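Chemist: below is the sequence, then the predicted model.
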Amino acid sequence: MHEMSIAAAVVDQVATAAAERGATGVAAVRLDVGELAGVVPRALDFCFSLACAGTVLEGALLITRSVPARARCEPCGTQWAPGLPPDLRCPGCGGARAELLTGRELQIREVEWAPGPLPVHG
């Protein structure tokens, strides 16, 4: 299940950021997930809660936003939603030289820090 490795990587990145800013907790992590990223949102949510245990993220919510796939034909410039499984043949000219513009994302969009005072650095 690659969702566990994804969840662990997200937790590691956010925990590092929390330590750098002196945050004492994390309320939520917002994650962009492309529809072609091969991620099962429910499995990722479950794995995220497991990966957060015992960390500064314990109890944090994982809020995922699905990013729809978009493709563009290099020769004619037509853009379209390639669907699942992706059909990369251009609906405009029939060509097969498409570029995926979106849909493979897997990135942290925002972290909501838990309320509470941050330490003052002198």
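Modeler: That came in fine, so what should we check first?

Chemist: can you pull the contacts of the nearest residue to R104 once chain neighbours are set aside?
Modeler: Nearest non-adjacent residue to R104, counting by C-beta to C-beta, 6 or more residues apart in numbering: G34, 4.6 Å away. In this view, the C-beta of every residue, glycine as well, is placed from N, C-alpha and C. By C-beta atoms under 8 Å, 6 or more residues apart in numbering, G34 lies in contact with 66-67, 69, 102-106.

Chemist: ok, 10 Å please
Modeler: By C-beta atoms under 10 Å, 6 or more residues apart in numbering, the contact set of G34 is 66-70, 100, 102-107.

Chemist: do G77 as well
Modeler: 90, 92-93.

Chemist: same question for the helix or strand containing Q107, mean pLDDT?
Modeler: Counting by DSSP states H and E, the element that carries Q107 is strand 106-113. Averaging pLDDT along strand 106-113 yields 96.

Chemist: show me where the chain has its strands.
Modeler: Ranges of strands in the chain, per DSSP state E, are 26-34, 61-67, 70-73, 79-80, 98-102, 106-113.

Chemist: any chance of the ones you listed in TSV with distance to A15 as columns?
Modeler: Shown next, in TSV, are these (distance: least, C-beta to C-beta, whole Å):
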stretch	distance to A15
strand 26-34	8
strand 61-67	14
strand 70-73	33
strand 79-80	38
strand 98-102	28
strand 106-113	10
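
Chemist: tell me the angle the longest helix along the chain makes with strand 26-34.
Modeler: Longest helix in the chain by number of residues (criterion: DSSP state H): helix 2-21. Angle of helix 2-21 versus strand 26-34, following axes from the mean of the first three to the mean of the last three C-alpha atoms, to 10 degrees, is 130 degrees.

Chemist: now helix 2-21 against strand 61-67, angle please.
Modeler: 120 degrees.

Chemist: name the residues of helix 2-21 that are buried.
Modeler: 3, 6-7, 10-11, 14-15, 18 (16 or more other C-beta atoms under 10 Å).

Chemist: out of these, who's nearest F48?
Modeler: Nearest to F48 among those: A7, at 4.3 Å, using C-beta to C-beta.

Chemist: how much space separates the closest one from I108?
Modeler: To I108, A7 is 12 Å away according to C-beta to C-beta, to the nearest Å.
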